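Engineer: pasted the sequence and its predicted model underneath.
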Protein chains: 2
Amino acid sequence: MKTLKEVGFNAEKTVENGNKFLLGNGRLGYRGTLDEFGSSACVGLNVAGVYDGVKGKWRETINAFNPFYMLVTADGVPLDVRNGNVLRHAVELDISKALFIRDTEFSVNSRKVSLHCERFVNYADKTNLCSRAVITADGDVDLDVKVGVDTDVWELNGPHFKGVRTGADGHAVYASAVTQEAGRRIDVVCRYSQPINSFSGGFAHITAKLKKDEPFVLDRIAFVLLGGKAAEYGYEQAYGLHLSEWEKTWQRCRVLFGDERAQFALDYSVYHLAILAPDGDYSIAARGLSGQTYKGAVFWDTEIFMLPFFLNSLPDCAKRLIKYRIDTLPQAKQKAAHYGYGGAFYAWESQDGYDACSDFNVTDVFTHRPVRTYFKDKQIHISADVAYAVLEYYVHTGDRELMLSGGLETVLQCAEFARTYSYYNHVKNRYELLDVIGPDEYHERVNNNAYTNYIFHEITVRGVRLAKELSAPVSGELLSGLEEWAAKLYLPQPDGRGVIEQFDGYFALEDVSVAEVRSRLAHPNEYWGGSGGVATATRVIKQADVIMLFNLFPDLFTLDVQKANYDFYLPYTEHGSSLSHCAYALTACRIGRPDEAYKAFLDSAEIDLRGGGKQWAGEVYIGGTHPAASGGAWLTAVRGFGCKGEGNEI
Amino acid sequence: MKTLKEVGFNAEKTVENGNKFLLGNGRLGYRGTLDEFGSSACVGLNVAGVYDGVKGKWRETINAFNPFYMLVTADGVPLDVRNGNVLRHAVELDISKALFIRDTEFSVNSRKVSLHCERFVNYADKTNLCSRAVITADGDVDLDVKVGVDTDVWELNGPHFKGVRTGADGHAVYASAVTQEAGRRIDVVCRYSQPINSFSGGFAHITAKLKKDEPFVLDRIAFVLLGGKAAEYGYEQAYGLHLSEWEKTWQRCRVLFGDERAQFALDYSVYHLAILAPDGDYSIAARGLSGQTYKGAVFWDTEIFMLPFFLNSLPDCAKRLIKYRIDTLPQAKQKAAHYGYGGAFYAWESQDGYDACSDFNVTDVFTHRPVRTYFKDKQIHISADVAYAVLEYYVHTGDRELMLSGGLETVLQCAEFARTYSYYNHVKNRYELLDVIGPDEYHERVNNNAYTNYIFHEITVRGVRLAKELSAPVSGELLSGLEEWAAKLYLPQPDGRGVIEQFDGYFALEDVSVAEVRSRLAHPNEYWGGSGGVATATRVIKQADVIMLFNLFPDLFTLDVQKANYDFYLPYTEHGSSLSHCAYALTACRIGRPDEAYKAFLDSAEIDLRGGGKQWAGEVYIGGTHPAASGGAWLTAVRGFGCKGEGNEI
């Protein structure tokens, strides 16, 4: 399997490479940064599913203290790649082994000193991460290795820790603290294979006389403990366990596909999904384990774009993802009740089921004021997405038990939410879903978004059918109410051209190109949506919306309709979301456009390889990895290119 | 009657005084500017009900060519108040005679030359306006008087004329042109009482040798002709006719009231209403005849704030105002059909019944881009306001004939519009009016705005009752449909405190003061509403909203409820609309708060005397007179202070 390698150091790529060379084991993510870097270089050890909130700021996942801080000083010269005394430098991510390697040669006075470090986040032990440094020189030099658990963490909305304590014994340094909000204790420990000579200010020094061509090896065995104890193994043992897990994982997950470029892009996508495989009662964040962007919260990305991979390749993880939603049904019911509705309204940005989404999710770049956005209260399709995922899980697993212990209830409560959210149009004799936001978030508060209406219709019909099939103990009144509702729910139909209007009034919006809309920006980072956004009053959309429907329910629409909509909407699509390209790619496969599908597949699969993309929405940082795009790439390969003809469902 | 006088010249007050010293006769308005001023000083001769639109710009009323341009040169020195050689200067508006007087003494070398000009816009001849200039000096001077019909007009969205021609004969100068859009011909003529010596470039010169203490008198008799011929009278005759009309008008309209300050403020308000009394098949613009602000369009201001004055004092004009709405019912039906509804949806900004309101009615001060606003498509209460006015007209006049020839139909079609606009809440078993804007425009797209729901309910119930009372030939199905609808229309009820929530979710908005919200402005002219506005996510409102209901339907609400809402909403009210103060004043009268009512009365009645106020909404100029505030002042005097106890309806 190809590896990812980058030769030479470019300080401007520090943040991007942090994402690109990310390691992870489902619970812990370690960014692709260098040993000598600190918080200003966005070093991050992200912990999935553990949240903390500071008063007046957004709640988010925590970044743990960094156990891998290391600054080597040789003959008094610090070996920092940013200092300019670099003879050669390369970083590499071997995705087959999930191993990160940095290899740097420094010029130290008249000597050459090389620093070779490998690290992995142990796939077999979710608390463990290890690194081995090998230092060699072409002459004798005095080494001073500063190591420690760096408590100066990179945080978007911190500080998240209080009561920070650090300490050391002969071979280890530790730091512990509790989170601000819940007082949850976290211990970060790093054991060293060489004895510590001194310790002060949280950092230890290990000194050595390095002989010419004799390597100095320092292993670091680190643990992030949220309770429980650290294992006792050394580097080789840990690495063995790690490799063996990855071997199994690749056997289960790898898909052979296409040319070398496409194969690597797909392998890299699968890698990014596999490093997120959850191990406990949490789910996957929209930016994975690459940091705190989007608050480390769980979006529809997981159910619609990532779940299919797990259903096919790692079904235990798929079950965990579904269980997460079933377990947080009470919070979804609470949210629905809060807004005056029945049923279950899932969190747009779920943190343990609670909605982390702010009513002011964008900051205006001109006034620096928060802008009222409606993602939280109007993007109701999240409930349908969750229900759809539960139903898909059942289709793939036949797991009646999970259906009867919460799965079916989840589906029906999501449907019931939509029923109570809807209004009856007494003139047209139909139910309508008013004042919503579809996947295309640039158009807020629209009526009868096609994606939203169709998906709620389908999950309702299928949910009722499943209840009958399972002879589930469900209220007959609930079922008949849902049946009557679904039968009268308005489903926007294709017009004469075969095009389905994305929402009521969409066709009447300004017919203008993406380039023209972009040219109207008054600030590069301004938000395109909301009432004053450049896209709002135009047909330009953030991402595939109607097109997504075809991927979920290809049998509901003729290929002619799918073609007509693909050709109509694609030119208006800005792809401001990483979920967009793969949606078009999948449809392109179905309608017989392999070249376009291939291009869109690469746009999706290579998103984190290429870097770039939108880093800001208003004044809010939205950088990080894009696991939904990775999932979309997998979908395109397996359910797009991997299947022929009509009727391929994702 | 007191007159309005201002001594000394202050260039910064040019625009403000243009409004403050406005003359008008219902068809023509002439701003309180000086003879030597041109378009840059906002000289304006506004013509009611005549609209023109230039491609890509807003359609608006026309400002006609200025027949009163005059620059006197004495011994080679131009007598322009802006040049600094001014010994004394005063302007005066004698509202009892509707006469504007300017009196200026200039220093010309060693001489004193005084210029005394009077002008009036003939209340007895809607095409005529006259001015008399008297020039005297304390020594002999050579006079050169440059006069003409100045075709360089002040326009917000012009140029509105093409084919401009000017000419002169011995005693007159004329200019003619046609409007851009409809090619409507307009002729402006000015006759002089002195012979013209020369004419070129559109301007004439009248020269004279002025003897010490011998006045030089120049009368200017001007006409704005939209067809028809100019009358033949001289200054004295025209003035006599004018005065006689005003004597009758004051006899009909004057209300004796309160102390000297309040009396003058009320007289001044009545003056501002009387100069707008329409003479033909047009209605009154929101900024009266003071210019092109708000496109010279007709808003709900006319029906709700001004109509009561006309109903009581000038009923023929009231009938014209009602006829205007009846005559434009087809356009209102067209607008409703355009948006997919039945019945009649009146124009938010009516120009001959067509909606002049843009979908982008505000320009963002930061991006300089138009912002999508929803005044046109969501401020549905306009139809209820129109229906309410028709019903009020019937209550005051008993004019069955007008009711049976369009009046009743107008009411029922407005009700039918709301019925078809509404949705049925199948969970709560009631009709709701969703996605509207109430009078408080800072909160767009709200559900169940109390003002909107109540007024539609009342006009529906009353309209159906009237149809039965008149045994009108109306479809029984229409009536029973409306009856069923009104019976199930949701009417927000007072809560435990007696407060009616302005719209669904209002109470949940940020509870913050007007001052705090103002302090958040990033630009003094930025718009407070829309999605990014400072007021949007707070309880701060632009103007009285729930409170207005009490003024329309005082019997529907107990005094305790009126008090509770007055006390609740007043602190949140920014009074960003000139309609706001009088609404509170009227309610204050009813709930026994005479001191607060008096203060709010003055805030309303003196608005144009004080000047100031909001001149900008985003980048759009909104200056001019405030006849709705004048109407509100009259209402407060007559139906507030003039009545005791409960049950006073406006």
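Structural biologist: Alright, I've got the coordinates. Computed from a predicted structure; not experimentally measured.

Engineer: near chain B, which residues of chain A?
Structural biologist: Taking C-beta under 8 Å from any C-beta of the partner chain as the measure of proximity, chain A contacts chain B at A:342, A:359-360, A:364, A:366-369, A:371-372, A:420, A:422-427, A:431-432, A:434-435, A:444-445, A:520, A:522-523, A:526, A:530-532, A:534, A:536-537. Just so you know, the C-beta spots here come from the backbone N, C-alpha and C atoms, and that holds for glycine as well.

Engineer: got the contact list for A:A544?
Structural biologist: Residues counted as contacts of A:A544 (C-beta atoms under 8 Å, 6 or more residues apart in numbering or on different chains) are A:439, A:569, A:573, A:579-580, A:583-584, A:587.

Engineer: looking at the residues of chain A next to chain B, which are in strands?
Structural biologist: In strands, defined here by DSSP state E, the members of those are A:371, A:423-425, A:431-432.

Engineer: residues contacting A:E409?
Structural biologist: Taking C-beta under 8 Å, 6+ apart as the definition, contacts of A:E409 comprise A:326, A:329, A:474.

Engineer: quick one: mean pLDDT for whichever strand or helix holds it?
Structural biologist: Under DSSP states H and E, the secondary-structure element containing A:E409 is helix A:408-421. For helix A:408-421, mean pLDDT is 98.

Engineer: next: stretch A:322-341.
Structural biologist: Averaging pLDDT residue by residue across stretch A:322-341 gives 98.

Engineer: buried stuff in it?
Structural biologist: Neighbour counts over stretch A:322-341 (16 or more other C-beta atoms under 10 Å in any protein chain shown) mark A:322-329, A:331-336, A:341 as buried.

Engineer: ok, stretch A:244-261 next?
Structural biologist: With burial defined by 16+ other C-beta under 10 Å, the residues of stretch A:244-261 counted as buried are A:245-246, A:249-250, A:253-255, A:257-258.

Engineer: which ones among these map onto helices?
Structural biologist: A:245-246, A:249-250, A:253 (DSSP state H).

Engineer: distance of A:K295 relative to A:W348?
Structural biologist: Distance from A:K295 to A:W348, counting by C-beta to C-beta, to the nearest Å: 11 Å.

Engineer: related to what we said a few turns ago, what's the most distant pair in the buried residues of stretch A:322-341?
Structural biologist: The most widely separated members of those are A:K323 and A:Y341, with 24.3 Å between them, by C-beta to C-beta.

Engineer: show me what contacts A:S269?
Structural biologist: Residues counted as contacts of A:S269 (C-beta under 8 Å, 6+ apart) are A:604-605, A:629-631, A:633-634.

Engineer: ok, A:H368 next?
Structural biologist: Residues near A:H368 by C-beta under 8 Å, 6+ apart: A:619, B:522.

Engineer: just to revisit the earlier point, redo the buried residues of stretch A:244-261 as a markdown table? Include pLDDT and distance to A:A285.
Structural biologist: Formatted as a markdown table, those follow (pLDDT from 0 to 100; distance: C-beta to C-beta, whole Å):
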| residue | pLDDT | distance to A:A285 |
| --- | --- | --- |
| A:E245 | 98 | 22 |
| A:W246 | 98 | 22 |
| A:T249 | 98 | 20 |
| A:W250 | 98 | 23 |
| A:C253 | 97 | 20 |
| A:R254 | 97 | 24 |
| A:V255 | 96 | 24 |
| A:F257 | 86 | 27 |
| A:G258 | 80 | 29 |
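
Engineer: and the furthest pair within those residues?
Structural biologist: Applying C-beta to C-beta across the buried residues of stretch A:244-261, the maximum distance is between A:E245 and A:G258, 26.8 Å.

Engineer: isn't A:P330 up against A:A347?
Structural biologist: No: A:P330 is beyond contact range of A:A347, at 11.8 Å (criterion: C-beta atoms under 8 Å).

Engineer: shared neighbours, those two?
Structural biologist: Overlap between the neighbourhoods of A:P330 and A:A347 consists of A:G353, taking contacts as C-beta under 8 Å, 6+ apart.

Engineer: pLDDT wise, what is A:R372 at?
Structural biologist: Residue-level confidence at A:R372 comes out at 89, pLDDT.

Engineer: which residues does it contact?
Structural biologist: When contacts are counted by C-beta under 8 Å, 6+ apart, A:R372 touches A:359-360, B:531-532, B:536-537.

Engineer: what sits closest to the closest residue to chain B within chain A if chain neighbours are left out?
Structural biologist: The minimum distance from chain A to chain B, using C-beta to the nearest C-beta, falls at A:S531 (3.2 Å). If the residues on either side of it in the chain are set aside, A:S531 comes closest to B:S531, at 3.2 Å by C-beta to C-beta, 6 or more residues apart in numbering or on different chains.

Engineer: next one: A:A74 relative to B:K248, how far apart?
Structural biologist: In this view, A:A74 and B:K248 are 105 Å apart by C-beta to C-beta.

Engineer: ok, A:T302 - contacts?
Structural biologist: A:283-284, A:286, A:321, A:628.

Engineer: surely A:Y282 is in contact with A:A48?
Structural biologist: Yes: counting by C-beta under 8 Å, a contact exists between A:Y282 and A:A48, whose distance comes to 5.6 Å.

Engineer: A:K162: how many residues sit nearby?
Structural biologist: When neighbours are counted by other C-beta atoms under 10 Å in any protein chain shown, A:K162 registers 11.

Engineer: nope, A:N17 is what I was after
Structural biologist: A:N17 is surrounded by 22 other residues when neighbours are defined as other C-beta under 10 Å.

Engineer: now it: closest residue in space, sequence neighbours ignored.
Structural biologist: A:G32 (5.1 Å).

Engineer: for the residue lying closest to A:L225 once chain neighbours are set aside, grab phi and psi.
Structural biologist: Nearest residue to A:L225, sequence neighbours excluded (C-beta to C-beta, 6+ apart): A:D187, at 4.3 Å. Recorded main-chain torsions at A:D187 are phi -120, psi 130, according to degrees, to the nearest 10.

Engineer: dump the residue contacts of A:D187.
Structural biologist: With contact taken as C-beta under 8 Å, 6+ apart, A:D187 is in contact with A:174-176, A:223-225.

Engineer: now the strands for the stretch 501-650 of chain A?
Structural biologist: In the stretch 501-650 of chain A, the segments counted as strands under DSSP state E, counting those that start in this stretch are A:616-617, A:620-621.

Engineer: pick the most buried one from these.
Structural biologist: Mean neighbour count, computed with mean count of other C-beta atoms under 10 Å in any protein chain shown, is highest for strand A:616-617 among these, reaching a mean of 18.
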